[in-house]
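1. Quick check, what structure comes out for this input:
(2 chains)
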There are 2 protein chains.
Amino acid sequence: MFQFDLISAEEYDRERGRYAPLTDALRTLVDVGVHTDVGDATVREALGHLEAATALLRQRVREDRPVLRHADTGRPVTWGNPAVGLRNAISPPIVVEHDLAGRCWSEFTLGPVYEGPPGWVHGGVCALVLDQLLGEVASDSLTKARFTGTISLRYVRGTPLGSLRAEAFVERTEGAKTFARGYLMDDEGVTVEADGVFITPAWARDAG
Amino acid sequence: MFQFDLISAEEYDRERGRYAPLTDALRTLVDVGVHTDVGDATVREALGHLEAATALLRQRVREDRPVLRHADTGRPVTWGNPAVGLRNAISPPIVVEHDLAGRCWSEFTLGPVYEGPPGWVHGGVCALVLDQLLGEVASDSLTKARFTGTISLRYVRGTPLGSLRAEAFVERTEGAKTFARGYLMDDEGVTVEADGVFITPAWARDAG
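-> Predicted coordinates:
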């Protein structure tokens, strides 16, 4: 069972404003790290700067980051999530939108750092995105406890690097099981289909 | 169909020696980026160093990175792969071992940047790791062209952050389809099971 601390809208905006440029700078560096072709001396010089930045950012750290819930929306604030975290440079990030009918969708770009076979998104990254979308839709935007039971992915064709869209919706609910379905798409249609079964843990079943 | 350039063992070792410390420094920074609690002025100072490092590393870049094959082992060199790439700071990385019986396995550590629910590895990151392992074992260590057709993951229980092991093997082959199976484990046993069907593309079927 998770305990949530509330974060006010003002504090959320302040933290986002402070750290989003840092995360963006790190995403740029991760990409440059794959593509750079500079020699030993330049690498050493760059390392000096990276170590200086690390030392500065370590001057105050919070290892025991509490699980936060936004005071206005009631949704968890997943700063560190590797798919959607605004403070995790591993995430593209994917910003998940929720419509009134209960569907989730997201439009985002996946660049070379997410590549598997040359020119295509890594199949496991497609799975990461779809697991996140299906999990969000199955848990009413993460406001209810749901854990992935199974997820099955069908790769219809290769997913090209670039602009993509993902969407997910709940098909049906049977007792503690929520059945969710989703798609990853490029502008020519579906590239990956996903079906997931999400389980409400026993401790959360009374709450529906 | 992919064209491969050979990379000699000597060149591979030189490139690994030059860039591995850079990727490690970036992994550290990604982690610090999630946990830092410093104020605006310190963030700005750190950003100055990150921008200086980016400028240095951009002095020479290779956007058209060729697909490389190691001259001695014959295996593709996947520097930029988000699961196993030694030059991609998104990857933990996972170093995949191949035994003589054709099984793949890997032991690795997943820290806070791979977290989904508090304390647990993100379900999509489990999928990323297993997709990579199953793909490697289905393609004879990436020496044969095989694309993921389907992959199904069963989450037996939560996967804790920390030391983990993954393994994969081929169950059987039927025509163009290779059936692979794998597990993610902590020291108490299996946490996630995966079954995948990998397809040999038509252009590669003559080569078996």
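2. What is the top helix by length along chain A packed up against?
-> Counting by DSSP state H, the longest helix found in chain A is helix A:9-35. Helices and strands touching helix A:9-35, as assessed by 3 or more CB pairs under 8 Å, 6 or more residues apart in numbering or on different chains; DSSP states H and E, comprise helix B:9-35, helix B:40-57. Glycine gets a C-beta too; all of them are placed from N, C-alpha and C.
3. Now it: buried residues?
-> Neighbour counts over helix A:9-35 (16 or more other CB atoms under 10 Å in any protein chain shown) mark A:12, A:15, A:18-19, A:22-23, A:25-35 as buried.
4. quick one: contacts for the spatially most central residue of chain A?
-> By CA atoms, centre = their mean, chain A has its centre lying nearest to A:Ala83, at 1.7 Å. Residues counted as contacts of A:Ala83 (CB atoms under 8 Å, 6 or more residues apart in numbering or on different chains) are A:91-94, A:128-129, A:131-132, B:122, B:124.
5. try 10 Å
-> By CB atoms under 10 Å, 6 or more residues apart in numbering or on different chains, the contact set of A:Ala83 is A:90-94, A:96, A:106, A:108, A:125, A:128-133, A:135-136, B:116, B:122-125.
6. Mind checking which of the residues you listed are in helices?
-> Using DSSP H, the contacts of A:Ala83 in helices are A:125, A:128-133, A:135-136, B:123-125.
7. hmm, back to that, and the closest residue to the residue nearest to the centre of chain A other than its chain neighbours, what is it in contact with?
-> Closest residue to A:Ala83 apart from its sequence neighbours, by CB to CB, 6 or more residues apart in numbering or on different chains: A:Gln132 at 3.9 Å. Shown in contact with A:Gln132 (CB under 10 Å, 6+ apart): A:78, A:81-84, A:91, A:94, A:96, A:104, A:106, A:142, A:166, A:168, A:182, B:116, B:122-124.
8. one more time with 7 Å
-> A:83-84, A:94, B:124 (CB atoms under 7 Å, 6 or more residues apart in numbering or on different chains).
9. swap in A:Leu130?
-> Going by CB under 7 Å, 6+ apart, A:Leu130 touches A:153, A:166, A:182, A:184, A:192, A:194.
10. Check the second one and give its pLDDT.
-> As summarised for this prediction, A:Ala166 has a pLDDT of 98.
11. mind showing which ranges of chain A have poor pLDDT?
-> Within chain A, the stretches with pLDDT under 70 are A:1-3, A:65, A:206-208.
12. Show me which strand runs longest in it.
-> Longest strand in chain A by number of residues (criterion: DSSP state E): strand A:162-174.
13. Give me the domain ranges for chain A.
-> Split into domains by automatic domain parsing, chain A comes to A:1-89, A:94-204.
14. Just put these in a markdown table and tack on distance to B:Thr42.
-> Converted to a markdown table, the domains of chain A look like this (distance: least, CB to CB, whole Å):
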| stretch | distance to B:Thr42 |
| --- | --- |
| domain A:1-89 | 5 |
| domain A:94-204 | 27 |
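15. highest average neighbour count across those domains?
-> Highest mean neighbour count of those: domain A:94-204, a mean of 19 (counted as mean count of other CB atoms under 10 Å in any protein chain shown).
16. and that domain, how far from the chain's centre?
-> 10 Å (CA atoms, centre = their mean, to the nearest Å).
17. now stretch A:62-72
-> In this view, stretch A:62-72 has its centroid 17 Å away from the chain centroid, taken as CA atoms, centre = their mean.
18. can you give me the end-to-end distance of it?
-> Taking CA to CA, to the nearest Å as the measure, stretch A:62-72 stretches 24 Å from start to finish.
19. what residues does it touch?
-> A:2-9, A:12, A:75-77, A:80, B:35, B:37, B:118.
20. And A:Leu100, how close does it get to chain B?
-> Distance from A:Leu100 to chain B, counting by CB to the nearest CB, to the nearest Å: 26 Å.
21. do the same with A:Asp37
-> From A:Asp37 across to chain B, the span is 5 Å (CB to the nearest CB).
22. list the contacts for A:Ala9?
-> A:Ala9 is in contact with A:70-72, counting by CB under 7 Å, 6+ apart.
23. between the residues you listed, which is closest to chain B?
-> Taking CB to the nearest CB as the measure, chain B lies nearest A:His70 of these, at 16.3 Å.
24. Tell me the bridge partners for that closest one.
-> Counting by DSSP bridges, A:His70 forms beta bridges with A:Ile7.
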